[in-house]
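the sequence and its predicted three-dimensional model are supplied below.
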Amino acid sequence: MSVLCGVGAVCFGADANLSSTHRRSMSTYAISVTRPFIRGFDPQRKLLRRDGADWCQDALDVLVYAGQRVCLGETFVRRYAATAAPPSRRAGSPPAPGQVTALLDIYRTDSAAVKYTTDSGLSRCGTLELDIDQAQDLERSGTSWKSEVELRVSFGSDELRLCAVDRQSGRCVLTKVKFNCQ
């Protein structure tokens, strides 16, 4: 029986094989990343050359696959290298000098077989925008700018809770995404 968890208590016990502390994800949830390019695996159109290295743009880092069993309250952590990205997409005043925004776009699909943000059936269901102060990071490291973003993902009964933290400054942003499960 498939039930959208957003309907509340109806979700509990929807699948007799799962306890009230476990759910099975009906959708795949992933984060858009730029990762090292894998020759022979990644399409040439995804190749991005930057700083003497080959990168794969529009790649997905899957957080949970459709059909995967998860435990309510379970939390896991992923770490990403922040890159000097262009100013935020949000409306309003531009960021302060030396400040960039790390964007973590969250995607959802019913398919378990996805690799790139351009795959069919994917939709963006959330974004985390984390302001990173390069000047503060440079002061601390004394060398080149390098920042790491930690993503904490927790499973609730009807939502994924995501928290992005700038490991240098401790700044964080939170978002919640509806979690399709049974």
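Yes, it's here. Numbers count the residues shown, from 1 in each chain.

how many neighbouring residues does the closest residue to Phe37 other than its chain neighbours have?
Spatial nearest neighbour of Phe37, excluding adjacent residues (CB to CB, 6 or more residues apart in numbering): Asp54 at 4.0 Å. Just so you know, the C-beta spots here come from the backbone N, C-alpha and C atoms, and that holds for glycine as well. Residues contacting Asp54 under the criterion other CB atoms under 10 Å number 13.

quick one: Asp54 and Arg35 touch, right?
No - using CB atoms under 8 Å, Asp54 is not in contact with Arg35; the gap is 10.4 Å.

His22: what's it in contact with?
Arg69, Val70, Cys71, Leu72 (CB atoms under 8 Å, 6 or more residues apart in numbering).

actually, Thr117.
Ser32, Asp58, Ala59, Leu60, Asp105, Tyr107.

pLDDT and secondary structure added to those residues, as a markdown table?
Converted to a markdown table, these look like this (pLDDT from 0 to 100; DSSP: H, G, I helix; E, B strand; the rest coil):
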| residue | pLDDT | secondary structure |
| --- | --- | --- |
| Ser32 | 94 | strand |
| Asp58 | 94 | strand |
| Ala59 | 95 | strand |
| Leu60 | 96 | strand |
| Asp105 | 93 | strand |
| Tyr107 | 96 | strand |
